[in-house]
Structures are given as C-alpha cells and as structure tokens.
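# Dropping a prediction and its sequence here:
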Amino acid sequence: MTTPIPGLQPRCFALVPAAGIGARSGADRPKQYVPIAGRPMITHTLAALSRVTKLAATLVVLSPQDTLFENAVPEFRGARAWVARCGGATRAASVSKGLLELQAHGAQPHDWVLVHDAARCLVQPRWVEKLIQACWDDPVGGLLALPVADTLKQSGNGRVTGTLDRKAKWAAQTPQMFRLGTLQQALAQAGDEVTDESSAIEALGHQPLLVEAALENLKVTWPADFALAERLLRSRT
Ligand SMILES: Nc1ccn([C@@H]2O[C@H](COP(=O)(O)OP(=O)(O)OP(=O)(O)O)[C@@H](O)[C@H]2O)c(=O)n1
Ligand SMILES: C[C@](O)(CO)[C@H](O)COP(=O)(O)O
C-alpha cells in the first residue's frame, strides 16, 4: 500500500470517467452529453467539482472516438482542467488509463485521487469536501455511500427467489478516494471487470471508509433518470 510521505502534503486530483456509451439510458448519444436542465449532463458534474477548492486538478477520461466534449463543455480548460482520450472498454479500464495520464501530469503515488462518475451529475461540492475531510488522514481512503433503505430481493426469471439480509448493506456511490499508487496496484490486480474502485482496494485486503452521502447523488442510468435529475437540478436554483 502507498503510504504518506512525512512532511510532504499529498495533493487531491479528481478523475472523471466519461468514456461510456450509456447503453441502458436509451439516449441517442452517450448519456453524459444529453441535456439536463438546459446543459449537457457532464457540465453539471464538472461545475460541481470545480467548486471543490481542495482539488488540484480534474482529469476527464473520454473515449478515443469522442467528438462531443469540447463543444459540450467549452469552458473546461486551463491549468486545473485536463482531458485525455484514453478511455477503455470498461469503467475500470478507463480509470486505470486515467491514472497513467495523471502520472504523466506529475501526480505522485501518495497523491489522493477522487474517481467520480460523469453520470453522477447531482454531486454537491459539500459531499465531496466531506469525503476529503473524512479520508485525509485515513490509511486506506473511502467512498461516498448510502445505507440501503429498501428490502432486498433475490430474483430468478422475474420472481422472488429469496430475501437478502439488508443489515449493514450500503449502496456505493462516487467519488471514491484512494491514493494513486494503491489504486493503480489494486486495479492492476483486480482486472477490468470490477465495477468500482473500492472493490479493487478491498481485494487487496483493505477496508475502505464509508462516508454517508445523499440519495440525491444518484447515477443517471435508466431513461427515467434524466427527468428525475432535471427536476432535482431545477429545484436547486
Ligand atoms: N468504458 C467505460 C464505461 C463507463 N465509463 C464511465 O463510467 C461512469 C459510470 O458508468 P455507467 O453509468 O455504467 O455508464 P455507461 O457505461 O456509459 O452506461 P451503460 O453501462 O448503460 O452503457 C460513466 O460516467 C461512464 O461514462 C467509462 O469511462 N468507460
Ligand atoms: C462506481 C459506481 O457508480 C458505484 O455505484 C457503480 O459501480 C458504477 O457501475 P456501472 O456498472 O458503471 O453502472
């Protein structure tokens, strides 16, 4: 595991995987570019991250075939805003490629990386700050998450085949915050199929910190989620 270096302050970087196609969303384009409340979804995500002063820079990982980003987010530029068209076939592959890109920009193994889905466009700066504060002195790092409130059913052929114990179950969100070096090692060992960073870190034998967030930090995934996200965003202004 990458450990802190005495006397050397780590920096915090945001890494935003945005190389997916949004197959489940039913949209006519990658879902991160679908307008929500008048702007492409990803602009809300990046605007929220830009208000987190602890972040040294934000890297957006795009698909090598992406032609939409610069038009969608013309304001995303400058010393703290990086883009790399190095996305892979899975979210984990995109994150791994992004970590290499962060290193190419000078990030060090002991620096913190906050991986945040482009598709969680309702993230609020205060939740990100809560995560940073909670994890800053933690030996492992952690993630935003929410205790499961619904009763969990096991399914088979559309019928209930069992009821799962929901005690001590949390739904993982993002950002997920880990040291760059540890995350690189974890993803290299876990492979490209893990669905979040925490799973890879857990597979190394660590126990990431759970930092309670809000239901509102949802991931736009299904067609109906766009209207819900729009209502929530509009209700803030
Ligand atoms: N190969 C991939 C797949 C996903 N992502 C990103 O990871 C985040 C969470 O993934 P998900 O919600 O599953 O997005 P998609 O993969 O685009 O959706 P779907 O699975 O429905 O195709 C998204 O911001 C998405 O752009 C990525 O960078 N690279
Ligand atoms: C990282 C994540 O958002 C945590 O809930 C989630 O695992 C992403 O999953 P997906 O398969 O990319 O939708």
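Cool, got the structure. Numbers count the residues shown, from 1 in each chain. Ligands and ions are numbered 1, 2, ... in the order given.
# Could you check which residue of the protein lies nearest ligand 1?
G20 (2.1 Å; C-beta to the nearest ligand atom). Every C-beta, even on glycine, is put in place using the N, C-alpha and C of the backbone.
# Would you double-check that W127 falls in a helix?
Yes: under DSSP: H, G, I helix; E, B strand; the rest coil, W127 sits within a helix.
# Test my guess that it contacts L215.
No: between W127 and L215 no contact is recorded; they are 11.5 Å apart, counting by C-beta atoms under 8 Å.
# Contacts only, for the residue of the chain closest to ligand 1.
By C-beta atoms under 8 Å, 6 or more residues apart in numbering, the contact list for G20 reads P30, K31, Q32, G87, R91, S94, A118, A119.
# for L68, same thing?
R29, P30, Y33, P40.
# ok, 10 Å please
R29, P30, Q32, Y33, P40, I42, L62 (C-beta atoms under 10 Å, 6 or more residues apart in numbering).
# quick one: the helices in this protein?
With helices called from DSSP state H, the chain shows them at 41-50, 69-72, 91-104, 125-135, 180-190, 197-203, 223-236.
# among these, which is nearest ligand 2?
Of the helices of the chain, nearest to ligand 2 by C-beta to the nearest ligand atom is helix 91-104, at 4.5 Å.
# The closest one packs against which elements?
strand 12-18, strand 55-62, strand 81-84, strand 112-115, helix 180-190, helix 197-203 (3 or more C-beta pairs under 10 Å, 6 or more residues apart in numbering; DSSP states H and E).
# Give me the angle between that helix and strand 12-18.
Counting by axes from the mean of the first three to the mean of the last three C-alpha atoms, to 10 degrees, helix 91-104 lies at 140 degrees to strand 12-18.
# about what we covered before: could the helices of the chain be laid out in a markdown table, adding mean pLDDT and mean neighbour count?
Shown next, in a markdown table, are the helices of the chain (pLDDT from 0 to 100; neighbours: other C-beta atoms under 10 Å):
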| stretch | mean pLDDT | mean neighbour count |
| --- | --- | --- |
| helix 41-50 | 98 | 22 |
| helix 69-72 | 98 | 15 |
| helix 91-104 | 98 | 20 |
| helix 125-135 | 98 | 19 |
| helix 180-190 | 98 | 19 |
| helix 197-203 | 98 | 22 |
| helix 223-236 | 97 | 14 |
